[in-house]
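A.B. asks: My questions concern the predicted model and sequence given below.
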Amino acid sequence: MNHEQRFSLAGKVALVTGSTKGLGRSMALALGQAGARVAINYYNDEATAQAALNTFQEAGCEGMLVKADVTDEGQVNEMVARIKSGLGPVDIAVINATCDQPHHPIEEYSWDFYQKMLDFFIKSPYLITRAILPEMKKKHWGRIINIGSEVFHLGVPNFSAYVAAKGGQNGWSRSMARELAPFGITVNMVSPGWIPVERHDKEPQEWKDAYLPTIPVGRWGVPDDLSGAVTFLASESSEFVTGQNLHVNGGLTLH
């Protein structure tokens, strides 16, 4: 297999959760441009989902929309079955879906909110992996890529629910990497820094002004920075890489 073929995703089927806007949309498009057939997942806002699919198809990519709450077991199983029927069994899962992430001191968080974070970042990877594993094991090939965050390594204050859940997701990824390696399935995590997308439009400007000077490379990250890393981990070229947490943040977590 030549170098170009090792980066091609032709013949593969990818699922990207939470992929109708922001970083998710960028990752889905990158995988599609690399040749994968992509299931674009959403749960709310059908108009935005349809617009994302239109953009995806206009770029010459093949895919479908799949509506599902990725924290609900029945909906996850139904989604995976629909993808298998429409595109084929899932070869690559990028677990990206999230919910709002407010900053609060611990006294202002409720346990219900903590549970919501755990549902998105531990329950969802568990449900999705359980649903796609039988086909991956049959093929002796698979890629599971969790989208993490630098916040776990930075220990960001007033953000404990999100930080704790991302830490749990990181540990889950490491354990699953060991468990699934004998089956030709890799499990990795990609942890972006603050890459501004639509949902950051209302963030205070002083936060942005304070963050930018801390990035060693001296610029903001852009969605393509993340999608390039994910495409590599989805490809044949990453077959000897598993259990890793790749930070895409311009060197911010070097120290």
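C.D. replies: Nice, I can see it.

A.B. asks: Going along the chain, name the strands of the stretch 51-200 of the chain.
C.D. replies: 63-67, 92-95, 142-147, 185-192 (DSSP state E, counting those that start in this stretch).

A.B. asks: what lines up beside the second one in the sheet?
C.D. replies: Sheet pairing for strand 92-95, assigned by DSSP bridges, gives strand 13-16 (parallel), strand 142-147 (parallel).

A.B. asks: okay, these, which one's buried deepest?
C.D. replies: strand 13-16 (a mean of 30; mean count of other C-beta atoms under 10 Å). The way it works is simple: take the backbone N, C-alpha and C, and place the C-beta from them, glycine included.

A.B. asks: Just the mean pLDDT for the helix or strand following it, thanks.
C.D. replies: For strand 13-16, the following helix or strand on the C-terminal side (DSSP states H and E) is helix 22-33. In this model, helix 22-33 carries a mean pLDDT of 96.

A.B. asks: Can you give the contact residues for helix 22-33?
C.D. replies: 9, 14, 16-19, 38, 40, 52, 55-56, 59-63, 92, 94, 96-97, 147, 192, 195, 197-199, 223-224, 226-228, 230-231, 234 (C-beta atoms under 8 Å, 6 or more residues apart in numbering).

A.B. asks: who wins for proximity to residue 248 among the strands paired with strand 92-95?
C.D. replies: strand 142-147 (9.9 Å; C-beta to C-beta).

A.B. asks: Tell me what angle the closest one forms with strand 185-192.
C.D. replies: Counting by axes from the mean of the first three to the mean of the last three C-alpha atoms, to 10 degrees, strand 142-147 lies at 20 degrees to strand 185-192.

A.B. asks: quick one: contacts of stretch 125-133?
C.D. replies: Contacts of stretch 125-133 (C-beta under 8 Å, 6+ apart): 15, 17, 70-73, 76-77, 79-80, 89-90, 93, 95, 142, 144, 146, 169, 172-173, 176, 180, 185.

A.B. asks: Enumerate the positions of it that are buried.
C.D. replies: 125, 126, 127, 128, 129, 131, 132, 133 (16 or more other C-beta atoms under 10 Å).

A.B. asks: How about stretch 63-71?
C.D. replies: Buried residues in stretch 63-71, counted by 16+ other C-beta under 10 Å: 63, 64, 65, 66, 68, 69, 70, 71.

A.B. asks: Can you tell me which of those residues is nearest residue 119?
C.D. replies: Relative to residue 119, the closest of these is residue 71; by C-beta to C-beta it sits at 4.2 Å.

A.B. asks: where exactly do the helices run in the chain?
C.D. replies: 3-7, 22-33, 46-58, 73-86, 111-118, 124-139, 151-154, 160-180, 205-211, 223-234 (DSSP state H).

A.B. asks: So residue 188 sits against residue 173, correct?
C.D. replies: Yes. With contacts counted by C-beta atoms under 8 Å, residue 188 reaches residue 173, the gap being 6.8 Å.

A.B. asks: now residue 15, nearest residue through space, not along the chain?
C.D. replies: residue 39 (4.5 Å; C-beta to C-beta, 6 or more residues apart in numbering).

A.B. asks: Verify the contact between the one you found and residue 90 for me.
C.D. replies: Yes. Between residue 39 and residue 90 there is a contact at 7.3 Å, judged by C-beta under 8 Å.

A.B. asks: how about CSV for the buried residues of stretch 63-71, with pLDDT and distance to residue 151 added?
C.D. replies: As requested, the buried residues of stretch 63-71 are arranged in CSV below (pLDDT from 0 to 100; distance: C-beta to C-beta, whole Å):
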residue, pLDDT, distance to residue 151
63, 97, 30
64, 98, 32
65, 98, 30
66, 98, 28
68, 98, 26
69, 98, 24
70, 98, 20
71, 98, 20
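
A.B. asks: Of those residues, which is the nearest to residue 239?
C.D. replies: residue 63 (24.1 Å).

A.B. asks: in the sheet, who's paired with the residue nearest to the closest one when sequence neighbours are not counted?
C.D. replies: Closest residue to residue 63 apart from its sequence neighbours, by C-beta to C-beta, 6+ apart: residue 38 at 3.9 Å. Note on residue 38: beta-bridge partners by DSSP bridges are residue 14, residue 63.
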